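A.B. asks: output the structure for:
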Amino acid sequence: MRISSSDGKTWIEIRRNEGDDFPSFAFSGAVNIGHGRFTDRSTSLTFLNLSEFAEALDAFILQRDLQPCLEGTYGSYARVWQPRSKNEVMLGFCIGDAFSGWVGTSEFKLQGEFPIEQEILNSLVFAFRSMVRDA
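C.D. replies: The predicted structure is shown next:
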């Protein structure tokens, strides 16, 4: 599933890793702010509250004071909220991973936020509920 910004220049994508014995996901994203471009991909992480997030996202459609947050390993997350002063929906994210092949463990992250179209919220709820059923 890909979630794009309102202007189409930024996106995150969450895909289930089919061959794993446990529910693992690839989480990737790309940001284009004109004078800079950033990309990241974590190929095997676990989301810790997928079912709860799907339900909280559904509730958010009518209760905009909520801030549903999908939490994953390595500090990864996707959070949806509505700023108080604006009539738009924001998606904040962090794609994290870690490498322990050097002396100690090094963490890597791509973090940001972008506006999304409110009209996609129902389809996002459906997509996340489908991920719960398939997990």
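A.B. asks: got the residue ranges for the helices in the chain?
C.D. replies: Assigned helices in the chain, in chain order: 50-60, 121-134 (criterion: DSSP state H).
A.B. asks: to Ser5, which of the ones you listed lies closest?
C.D. replies: Between Ser5 and the helices of the chain, the tightest spacing by C-beta to C-beta is seen for helix 121-134, at 13.8 Å. Every C-beta, even on glycine, is put in place using the N, C-alpha and C of the backbone.
A.B. asks: now that closest one, how far from the chain's geometric center?
C.D. replies: Taking C-alpha atoms, centre = their mean, to the nearest Å, one finds helix 121-134 lying 13 Å from the centre of the chain it belongs to.
A.B. asks: and what of stretch 47-56?
C.D. replies: On C-alpha atoms, centre = their mean, the centre of stretch 47-56 falls 11 Å from that of its chain.
A.B. asks: so what touches it?
C.D. replies: For stretch 47-56, the external contacting residues (C-beta atoms under 8 Å, 6 or more residues apart in numbering) are 23, 25, 66, 68-73, 125, 128-129, 131-132, 135.
A.B. asks: which one of the residues you listed sits closest to Gly92?
C.D. replies: Cys69 (8.4 Å).
A.B. asks: beta partners for the closest one?
C.D. replies: In this structure, Cys69 has beta-bridge partners Arg79, where bridges are defined by DSSP bridges.
A.B. asks: for the remainder of this discussion, apply numbering that starts at 48.
C.D. replies: OK, 48 is where the count begins now, so the last one is Cys116.
A.B. asks: pLDDT score for it?
C.D. replies: In this model, Cys116 is scored at 98, pLDDT.
A.B. asks: what does Ala182 give?
C.D. replies: Confidence at Ala182, expressed as pLDDT, is 63.
A.B. asks: hmm, back to that, ok, which pair from the contacts of stretch 94-103 is furthest apart?
C.D. replies: Pro70 and Leu113 (24.4 Å).
A.B. asks: gap between Asn96 and Gln165?
C.D. replies: 23 Å (C-beta to C-beta, to the nearest Å).
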